[in-house]
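Enquirer: please find the sequence and the predicted model below.
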Amino acid sequence: MCCCTFKKRRRSGDSYSSVEGACMCRMWPLWKMILVWGLVAVAGLILLAFILVFIGFPITFWLSYPLQRFLTFIPINSPKNPTFDDPLSYGIQGAYNFYVTVQDYYDPDTLTKIGAWLILPESDMTNVNSANITDILSKTDKDILFYFHGVLANRAKPINQYGVFRKKFMVIAVDHRGYGDSGTDVEMSEPAIVSDHVQLYKWLRGINQKSNIYYWGHSLGTGISCHTLKKLKAESIVPRGLVLEAPFSTMAEEIHYVLGKFFGWLAYFNATMVKPVGDNGILWQSVSNILDVDCPILIMNAEDDGTIPWTLGQKLYNVAITQRDISKQGNATFVHFPADKGYNHNDVTKDPSVPQLIEDFITTCDNFWSNKT
C-alpha cells in the first residue's frame, strides 16, 4: 500500500514540469500491514466458523437422519473396550453375561442378539452354584428388575447402581440394540428398541411366572421403559412397578434444553433441529406414554442435573398424578434431590436414602396390587 501526494504543476510551453515530482509514495510500516491483514484473517475465520456452526451444522442435522440418530442415542461404548463376559473384572461378584435372541422389528425373519448381565441379589450371591441363566431365573422367587441405561453407556458402566439394586432385586441389566454388543447388525430406532424389550419381558415370563417384575430406567432409559410399558399394556401385560431416574418429558423438549443452549436463538432452530427428529420417529414421548403405565411410579431427579433439567421430571410427575386414574393405575411419587448434594445426572443412587426409598416403593407396589386383587 502507498500514499501518493500530488503537487501543483506549472505549464512550461507545451509540456508540464513537476515542481516536486509527480508522485511520492511510501510503504506502510511492516507491523501495520501485519496487523491489518491479521485482523482481516481473524474476521474471515470468525465469519467462516459462524457459517459452519450456526448455518452449516443445523442444515446438516436437518438433512441427515444418521446424524440425528447418533446425537439422540450416542451409542458410544462407555467404558471403552468392555469385557462383558467377565463381570468380575468390574468388581461385580455373582453376575453372569448372557444373550437373548429376538426378532428384528423391521424383518421378523432376521434374528439378533441382545446382551445382558444377570446380577444376583446380595442374599443369593453365595447360595447359587449354577451358572445356567435359565436355571437361575426359573428357580428364583425374588423380585426381578430390568435396568435400562441411558446414552453414552453400556451394561458395564453403572457399577455403583447395581450395588444398590441388588439389595432388593435380582437385576437384569440390558444393553439396547446398538449399545455394547447388542443388535449390531440391525437398525437402531425407537420402535425397534421397544420391540426388543417387549420380547425380553415375554422371554423372562416364559421362564419365570412367579417373580414380580420391575423396571428401572435412567435418562434415555426412562423413555425406553415408559414406551415399553405402554406396548406391554396393549397386550394386557402390566409389570409390578416403574422407577424413572433423571427422566425427560419428550425428546423434543430435551433437544430444546441441550441444543437450544447454543442454537435456540436461531429463527430456524425448530425447523432444522427439533421437528426433523420427530418426523423421523425419534419421539420418546414419555409425557403421553406414561398415561398407559398401570403400576406405581417412582420418579427421582437431581436439581443440579446439567443433562436433563429436573423440571422435566417434575412435569412428568404432574402428568402422572393428574391425568392418570391413580386408584386403578397406581400412584406416582416424586423425589427431588437438592443441588448441594452434587449428584448431577448419574449419581442420585448414591444418596443414603435411596435403599429406603426402594423398600418403601416395593411396599407401595405390594399394597396397590393386593388391593386390586
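Expert: In hand now; what should we look at?
Enquirer: can I see the domain layout of the chain?
Expert: For the chain, automatic domain parsing gives the domain ranges 9-63, 70-372.
Enquirer: centre of the chain versus the longest helix anywhere in the chain, how much separation?
Expert: The residue-count maximum for a helix in the chain (DSSP state H) belongs to helix 30-51. Put simply, helix 30-51 sits 40 Å off its chain's centre (C-alpha atoms, centre = their mean, to the nearest Å).
Enquirer: buried sites along that helix?
Expert: By neighbour count with 16 or more other C-beta atoms under 10 Å, helix 30-51 contains no buried residues. For every residue, glycine as well, the C-beta is placed using N, CA and C.
Enquirer: show the average pLDDT along the following helix or strand past that helix.
Expert: If you walk from helix 30-51 toward the C-terminus, the next helix or strand you reach (DSSP states H and E) is helix 57-63. The predicted model assigns helix 57-63 a mean pLDDT of 96.
Enquirer: how far off centre is the helix or strand just after helix 57-63?
Expert: Following helix 57-63 in sequence order, the next helix or strand is helix 65-73 (DSSP H and E). Averaged C-alpha coordinates place helix 65-73 at 11 Å from its chain's average position (C-alpha atoms, centre = their mean).
Enquirer: same deal with stretch 298-314?
Expert: If you compare the mean C-alpha spot of stretch 298-314 with that of the full chain, they lie 13 Å apart, counting by C-alpha atoms, centre = their mean.
Enquirer: using CSV, write out every CA atom in that stretch.
Expert: Only the C-alpha atoms of stretch 298-314 are listed here, as CSV (Å, rounded to 0.1, in the frame of the first residue of the first chain):
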residue,chain,number,x,y,z
LEU,A,298,-41.2,-43.5,41.4
ILE,A,299,-39.5,-40.5,39.8
MET,A,300,-36.1,-39.2,41.0
ASN,A,301,-34.3,-36.1,39.9
ALA,A,302,-31.3,-34.1,41.0
GLU,A,303,-31.6,-30.3,41.0
ASP,A,304,-28.1,-29.9,39.6
ASP,A,305,-28.6,-32.3,36.7
GLY,A,306,-26.9,-30.5,33.7
THR,A,307,-28.0,-33.0,31.1
ILE,A,308,-31.8,-33.3,31.8
PRO,A,309,-33.4,-30.5,33.9
TRP,A,310,-35.2,-31.7,36.9
THR,A,311,-38.2,-29.7,35.8
LEU,A,312,-38.9,-32.2,33.0
GLY,A,313,-39.1,-34.9,35.7
GLN,A,314,-41.5,-32.8,37.7
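Enquirer: now do the buried residues in that stretch.
Expert: Under the neighbour-count criterion of 16+ other C-beta under 10 Å, stretch 298-314 has 298-302, 305, 307-310, 312-314 buried.
Enquirer: hmm, who's touching it?
Expert: Identification of contacts with stretch 298-314 by C-beta atoms under 8 Å, 6 or more residues apart in numbering yields 219, 241-249, 253-254, 257-258, 316-317, 320, 332-339, 341-345, 347-348, 354, 357, 361.
Enquirer: buried subset of these?
Expert: Among those, those classed as buried by neighbour count (16+ other C-beta under 10 Å) are 219, 241-249, 253-254, 257-258, 316-317, 320, 332-335, 337, 343-345, 347-348, 354, 357, 361.
Enquirer: so which of those belong to strands?
Expert: Of the positions in the buried ones among the contacts of stretch 298-314, 241-245, 332-335, 337 sit in strands, assigned by DSSP state E.
Enquirer: quick one: which of the residues you listed is nearest residue 235?
Expert: residue 242 (16.6 Å; C-beta to C-beta).
Enquirer: show me what contacts the closest one?
Expert: Listed by C-beta under 8 Å, 6+ apart, the contact partners of residue 242 are 214-217, 225-226, 229, 293, 295-298.
Enquirer: please apply the same query to residue 89.
Expert: For residue 89, counting by C-beta under 8 Å, 6+ apart, the contacting residues are residue 83.
Enquirer: can you start the count at 35 instead of 1 from here on
Expert: Okay, residue one is now 35; in that scheme the one you just asked about reads as residue 123.
Enquirer: hang on, it in a strand?
Expert: No. Under the criterion used here (DSSP: H, G, I helix; E, B strand; the rest coil), residue 123 is helix, not part of a strand.
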